[in-house]
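Novice: 3D model of this:
(one chain, ligands or ions: 1)
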Amino acid sequence: MEQLLRNFFLFLSKNKSLTKMAKKYGLRFGASRFVAGETIEQAVKVIKDLNSKGLEVTIDYLGEFVDNEQEANVMADHCIIAIEAIGREKLKSQLSLKMTSMGLDISDEVVMRNMYRILDAATKNHIFVTIDMEDFTRFQKTLDIFKQLKSEYENIGTVIQAYLYRTEKDVSDLNEFSPNLRLVKGAYKEPPEVAFPEKKDVDENYKNIIKMHLLNGNYTAVASHDEAIIEYTKQLVKENHISNDQFEFQMLYGIRNERQLELVQEGYKMRVYVPYGTDWYGYFMRRLAERPANVAFVLKGMFK
Ligand code: FDA
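Specialist: Modelled structure (predicted):
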């Protein structure tokens, strides 16, 4: 049943008409639990509050189905507006973005031009940028762009997904760049030809790559709400005398808020992924797919 609901929400997340409709009608159905607002001003307010509690942030301007150059340029403009707001307001925040929003599906020229604009602004404001990882069909292209940009900029990292079979080799190959990587389980629906179908295998692979990347001496963001993974990481760093400055935990805005604060109190760096923007629908559906139990919030939101 849970798997059915998961697939249903992932299916809904890709619906272009619903995406358009959601944009028109504003944050609804309890989406504000996971999305920090529709404007940068609203997002800044949320970030200030999180920072005041000792939580660091990575901000994400939401955007789905960008399929023309003009839209991709507008998305990049919004990233630059966010960077400037972080600099101006002295927020403890990084930036996250998706290659498809920058024009990955349009042309190499568009995506690279937008990335250079963003990275120049980020460098000027001393802000770190993480390229989120999308579905497998975009994986290799995203990784190639990351490698190219990493050879030109210090302040860039990307995401590696534990559900892919190829992941261990990627983490090993990337070691020559000493990259700051965000390690995750993986959020997209991938076929068994490329990804572990069983959760236990994903979890095992996740532990392997966390260990590998940390023991290679690289900065590691462990982005998970899974207590078993958090405990594994804590134990691993303790046993291997890895300092708290070599890693951080990351969670999504609105998920396990209390645990986020506890980890700060325990002395760990905790970064919250804060999405904002009018294009909240697909992101919201993916969060529901991860945990169909959250559907209760949607129903409450509908009747409010
Ligand atoms: P999993 O979903 O296996 O959950 C394990 C346990 O965690 C649950 O049993 C429960 O105890 C607890 N839990 C999970 N969700 C909860 C909730 N809502 N409330 C309470 N408890 C909950 N993916 C991707 O493909 N590309 C990317 O770029 C990113 N980026 C990214 C950034 C950040 C900061 C995070 C945290 C995650 C991502 N992801 C991602 C998503 C990631 O791949 C994955 O889909 C989700 O984090 C869910 O997997 P978990 O590791 O949290 O555990």
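Novice: Name the residues of the stretch 1-150 of the chain found near the ligand, please.
Specialist: Contact residues, the stretch 1-150 of the chain versus the ligand (Cβ under 6 Å from any ligand atom): D132, M133. Every residue, glycine included, has its C-beta placed from N, CA and C.
Novice: Which stretches in the stretch 1-150 of the chain count as strands?
Specialist: All strands of the stretch 1-150 of the chain, identified by DSSP state E, counting those that start in this stretch, fall at 56-61, 93-97, 129-131.
Novice: Starting from the second one, tell me which strands it pairs with and how they run.
Specialist: Each strand pairing with strand 93-97, determined using DSSP bridges, is listed with its direction: strand 56-61 (parallel), strand 129-131 (parallel).
Novice: and it, C-alpha only, in CSV?
Specialist: Extracted C-alpha coordinates of strand 93-97, given in CSV (Å, rounded to 0.1, in the frame of the first residue of the first chain):
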residue,chain,number,x,y,z
SER,A,93,23.4,30.0,4.2
GLN,A,94,24.7,28.2,1.2
LEU,A,95,22.8,27.8,-2.1
SER,A,96,21.5,24.6,-3.8
LEU,A,97,20.3,24.4,-7.3
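Novice: Give the rounded mean pLDDT of that strand.
Specialist: Mean per-residue pLDDT for strand 93-97: 98.
Novice: can you list contacts of it?
Specialist: By Cβ atoms under 8 Å, 6 or more residues apart in numbering, the list of residues contacting strand 93-97 from outside reads 47, 51, 56-61, 75, 79, 82-83, 86, 118, 122, 127-132, 271, 273-274.
Novice: The most centrally placed residue in the chain: what's it in contact with?
Specialist: Centroid-nearest residue in the chain: D132, 5.2 Å away (criterion: Cα atoms, centre = their mean). By Cβ under 8 Å, 6+ apart, the contact set of D132 is D60, S96, L97, K98, M99, T158, V159.
Novice: do the same with Q265
Specialist: Q265 sits next to G54 when contact means Cβ under 8 Å, 6+ apart.
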